[in-house]
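Asks: structure of the sequence below:
(4 chains)
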There are 2 protein chains.
Amino acid sequence: MTSTSAPAGAVRQGSLRELNLAVVLGRIAAAERPPSRADLAAETGLTRATVSAVVEDLITGRLVTEAEPAPRAGAGRPARGLVLAGDGPAGLGLEVNVDYLAVCVVDLAGQLRHHTVHRADLRPVSPADALARLVELAGRARADAAAQGLTLAGAALAVPGLVDDAGVVRLAPNLGWRDVPVPAVLAGHPPLTEQVDGVPPLVVDNEANLAALGELHAGPAGPASFLHISGEVGIGAGIVLDGALFRGARGWSGEIGHIPIRPEGRPCRCGGRGCLEQYAGQEAILAAAGLAGADLPADTAATRLAELAGAGAEHALRALDEAGVALGVAVASVVNLLDLDTVVLGGGYAPLTPWLQSPVLAEISRRVLTAAWSPVTVRPATLGADAAVLGAAGSVVRRIIARPAGWLARVG
Amino acid sequence: MTSTSAPAGAVRQGSLRELNLAVVLGRIAAAERPPSRADLAAETGLTRATVSAVVEDLITGRLVTEAEPAPRAGAGRPARGLVLAGDGPAGLGLEVNVDYLAVCVVDLAGQLRHHTVHRADLRPVSPADALARLVELAGRARADAAAQGLTLAGAALAVPGLVDDAGVVRLAPNLGWRDVPVPAVLAGHPPLTEQVDGVPPLVVDNEANLAALGELHAGPAGPASFLHISGEVGIGAGIVLDGALFRGARGWSGEIGHIPIRPEGRPCRCGGRGCLEQYAGQEAILAAAGLAGADLPADTAATRLAELAGAGAEHALRALDEAGVALGVAVASVVNLLDLDTVVLGGGYAPLTPWLQSPVLAEISRRVLTAAWSPVTVRPATLGADAAVLGAAGSVVRRIIARPAGWLARVG
DNA sequence: AACTATTTGTTCAGCGATTGAATTATTTGC
DNA sequence: GCAAATAATTCAATCGCTGAACAAATAGTT
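Replies: Numbering: from 1, shown residues only, chains lettered A, B, ... in the order given. Sure, this is the predicted structure:
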């Protein structure tokens, strides 16, 4: 009999402070209003003495600053509110997509400090050239960040495809990439390849995963577990369980687009038959709405459809309803399996939510046994097409918040 | 912007020892051979001094004993091997199912120390009566455990249905239970209701979940993430991610039986249409094999089918192949979504694996985009019909191994 | 204006747990 | 029989948290 309950690394003397730094910083990040040291002590159960010591470390490490608006007014010495520092580390978000490149910088407090989108059809461009263009944008972003007193603590790149542990893009069908070793291609470009603190300076991840992370951090304070569906040409999903992204055994989770909806239905380019993508993918919806071959840029297709549906165009409405039913069948599978209470429609689906929501909900309530007791919410994403870049940059700063000791050791 | 990266409770001074007790005990439990204190120090990074102190606590708390077979032979003072104690705390496993009651006791080392199965059709029996019979069996198990020098540290009950946080069985269709508040019903029965250490003495959980846990602990040392499918009258699944059971937002994950396979196919008693259960459930297979109405006890149905198929009976073979295809379509959905590398066929499916395996694998390789790079293993469960009870008892002792401080405080 | 109540944040001795080096224990190989 | 090797224990030192006392700063009261 073998246990698999992974016994995490041992807890050394110093880990204590390391863990409490993370706990206190996490509370400051999660708080609605700037908390005082006394508030933090009450919340965490640590003594005020300990919290003061921990906070001092965080302040000298430029992760936290004292904010003006005092958290409390009344008798007694006024409290000093603590907030995440806006002038410390920041995250660099990058994205390569079918028809644009994007770069952004997000500071520790979650504020967007730089944002560039470069529109261009990247399908005819070689991976090396596309990445070279991206590096140029990244260089400008870095300069802009430095001018604002920010230090980039790392970068994350979103791509619309399957990425392995080493950062190799194994397959990005809509981009035409196959086995592109991103870190190796970028090896000659210093701004993205300094090795710091054992953490690779650049993390490459699936667009749908990072968009889900963006939604997690940007969305309403609410649910910690949800399915975020990115409806583009392909359909990807990011699964957030208890506030953490679930990546699967090899990082290839969320391929909702190839869930079989009709086992012997339309053939799919994945080799299967009846995949969701063939019924609720962008091309399928456009074809059903009679807009096939219009060859719209990916992002305008969704808004065009929304306009038509809003104007009451019969064929658009029918196309969206059919897509919603197909999507609902797949979502019902997911909810039956994972018991999630929230489904977020993102990417191209976001503007179409008014028409997709009710068929999706109908299929859920029809097919999910537990839906009667625990209603499922279907809502549009709060971030638009920028979710993936923002999520990429956010993932960098979130990593620092989750483990501040690493950053503090680096700063000294 | 709100963080949801749950900042766990603060780490107090005493948590240090608490955590290291868990780390060291976890290593002892996971080791192939009894490790020495020196081995543990090397593995965990703690000093030998600390490990000695921690181990002493574990030994006086009857969680660990020194084993004879020395872990090493060579020059130098011989090491003393450490193993989980066989005479300390033990877990009581309970199960109510359609046609039997089961009770077992498993010690800390995972050895089965008591096992009773009481066959009876429980559908006509009221929940209160069924539970009363179970309590009687539990009382005998407790006496037997005491006679062997064991102390029961808790109990877990497996039921074939949906259970909420409070231990209420909301719905167990095949048993005919609805909203049965198990803890309240058992309130008058002392052996299962002593409150100890803040932990409720009895945990009620879904049978498929506990069977998956049983398989996790009993199976090969290997995979930490897998899908365990319990094919009975209904089809349930337990999802193990990174060595931990995933329960979903409300504990109702794993309803794989109601994944839609043919969206407008056969009506299901859940109200939906084309659910997997209608194509790969026990009744569906029996009907397709021409054995409908034979009214076999649940456990013999599978062996009967296996006999027929083994003898080459045409109709049985065809029925199993069709069920395998249906199952494969559902499993393909799951693998696309969660990127699991292992699927375990349990319950009634276990003896049928030789015939189910190849159609399931065929559908996976046909429909899962990443299957080409990361092959998926489909294998039978190593535990038979006892998986759920054993998993229930195992979950009790595993909880102690994961957090030994609670037990030690209780022992004094 | 002085005083009290109240709350925040800091200081400091004390303590528990880990650390690292030295010590003791026990066996193999020469 | 002795040296080398490995295991386990002992003990002073250190690190970080605790708890209580103390200083700081404000609102309300007389």
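
Asks: what is the burial count for A:D242?
Replies: Per other C-beta atoms under 10 Å in any protein chain shown, the neighbour tally for A:D242 reads 12. Quick note: C-beta positions are derived from backbone N, CA and C, even for glycine.

Asks: now swap in A:A184 and tell me
Replies: A:A184: 11 neighbours (other C-beta under 10 Å).

Asks: again with A:A187
Replies: For A:A187, using other C-beta under 10 Å, the count is 11.

Asks: let me know the secondary structure of it.
Replies: Secondary structure state of A:A187, per DSSP: H, G, I helix; E, B strand; the rest coil, is helix.

Asks: from A:W355, how far out is the residue of chain A most remote from its centre?
Replies: In chain A, counting by C-alpha atoms, centre = their mean, A:A75 sits farthest out from the average C-alpha position, at 43.2 Å. According to C-beta to C-beta, to the nearest Å, A:A75 and A:W355 sit 56 Å apart.

Asks: how about the residues of the stretch 301-412 of chain A near chain B?
Replies: Contacts of the stretch 301-412 of chain A with chain B, taken as C-beta under 8 Å from any C-beta of the partner chain, map to A:325, A:329-330, A:332-334, A:336-341, A:366-370, A:373-374, A:398, A:401-402.

Asks: and for the stretch 51-200 of chain A?
Replies: Neighbours of chain B within the stretch 51-200 of chain A, by C-beta under 8 Å from any C-beta: A:109-110, A:162, A:170-171.

Asks: which element is the residue farthest from the centre of chain A on?
Replies: Using DSSP states H and E, A:A75 maps to neither a helix nor a strand.

Asks: pLDDT value on it, please?
Replies: At A:A75, the model reports a pLDDT of 82.

Asks: with the one 5 residues further on instead?
Replies: If you check A:R80, the pLDDT there is 93.

Asks: same question, A:R12
Replies: 84.

Asks: same question, the one 5 residues further on
Replies: Listed pLDDT for A:R17 reads 93.

Asks: what's the next secondary structure element after the strand or helix carrying it?
Replies: In this assignment (DSSP H and E), A:R17 forms part of helix A:15-30. As assigned by DSSP H and E, the chain's next helix or strand after helix A:15-30 is helix A:37-44.

Asks: and of the residues of the stretch 51-200 of chain A next to chain B, the nearest to DNA strand C?
Replies: Closest approach between these and DNA strand C, by C-beta to the nearest atom of the strand: A:A109, at 19.0 Å.

Asks: ok, for the closest one, nearest residue in space, not its chain neighbours?
Replies: With C-beta to C-beta, 6 or more residues apart in numbering or on different chains as the criterion, A:A109 has its nearest non-adjacent residue at 4.3 Å, and that residue is A:L84.

Asks: for that neighbour, give me its contacts.
Replies: A:28-29, A:63-65, A:108-110, A:401 (C-beta atoms under 8 Å, 6 or more residues apart in numbering or on different chains).

Asks: where exactly do the strands run in the stretch 301-412 of chain A?
Replies: Taking DSSP state E, counting those that start in this stretch as the test, the strands found in the stretch 301-412 of chain A are A:342-347, A:377-380.

Asks: most tightly surrounded among these?
Replies: Mean neighbour count (mean count of other C-beta atoms under 10 Å in any protein chain shown) peaks for strand A:342-347 among the strands of the stretch 301-412 of chain A, with a mean of 26.

Asks: each with direction, which strands does that strand pair with?
Replies: strand A:226-231 (parallel), strand A:377-380 (parallel) (DSSP bridges).

Asks: OK, now which residue of the stretch 51-200 of chain A is nearest to DNA strand C?
Replies: A:G76 (2.3 Å).

Asks: phi first, then psi, for that residue.
Replies: Backbone dihedrals for A:G76, given as degrees, to the nearest 10, come out at phi 100, psi 160.

Asks: tell me the spacing between it and A:G214.
Replies: To A:G214, A:G76 is 40 Å away according to C-beta to C-beta.

Asks: those two: who's more crowded?
Replies: A:G214 (29 against 7).

Asks: just the element for the more buried one, please.
Replies: helix A:207-218.

Asks: that helix vs helix A:15-30, what angle?
Replies: Angle, helix A:207-218 to helix A:15-30, by axes from the mean of the first three to the mean of the last three C-alpha atoms, to 10 degrees: 80 degrees.

Asks: helices or strands next to helix A:207-218 in the packing?
Replies: Packing partners of helix A:207-218 (3 or more C-beta pairs under 8 Å, 6 or more residues apart in numbering or on different chains; DSSP states H and E): strand A:151-159, strand A:226-231, strand A:235-241, strand A:244-246, strand A:342-347, helix A:387-402.

Asks: and these as JSON lines, adding mean pLDDT?
Replies: As requested, the helices and strands packed on helix A:207-218 are exported to JSON lines (pLDDT from 0 to 100):
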{"stretch": "strand A:151-159", "mean pLDDT": "93"}
{"stretch": "strand A:226-231", "mean pLDDT": "94"}
{"stretch": "strand A:235-241", "mean pLDDT": "95"}
{"stretch": "strand A:244-246", "mean pLDDT": "91"}
{"stretch": "strand A:342-347", "mean pLDDT": "95"}
{"stretch": "helix A:387-402", "mean pLDDT": "95"}
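
Asks: for DNA strand C, which of these is the nearest?
Replies: helix A:387-402 (20.7 Å).

Asks: ok, what's across the strand from A:D107?
Replies: When bridges are called by DSSP bridges, A:D107 pairs up with A:A90.

Asks: A:V159 and A:L171 touch, don't they?
Replies: No - using C-beta atoms under 8 Å, A:V159 is not in contact with A:L171, being 10.2 Å away.

Asks: give me the more crowded residue out of these two.
Replies: A:V159 (25 against 18).

Asks: mind listing the residues bridging to the more buried one?
Replies: Here A:V159, judged by DSSP bridges, has bridge partners A:N206.

Asks: same question, the one 10 residues further on
Replies: With DSSP bridges as the criterion, A:V169 is bridged to A:V163, A:V180.

Asks: how many neighbours does it have?
Replies: Counted with other C-beta under 10 Å, A:V169 comes out at 24.

Asks: how much space between A:V96 and A:G61?
Replies: For A:V96, the distance to A:G61 - C-beta to C-beta - is 33 Å.

Asks: so those two - more neighbours on which side?
Replies: A:V96 (27 against 21).

Asks: distance of the more buried one from B:H217?
Replies: Distance, A:V96 to B:H217, using C-beta to C-beta: 44 Å.

Asks: surely A:P78 touches A:R72?
Replies: Yes - with contacts counted by C-beta under 8 Å, A:P78 reaches A:R72, the gap being 7.3 Å.
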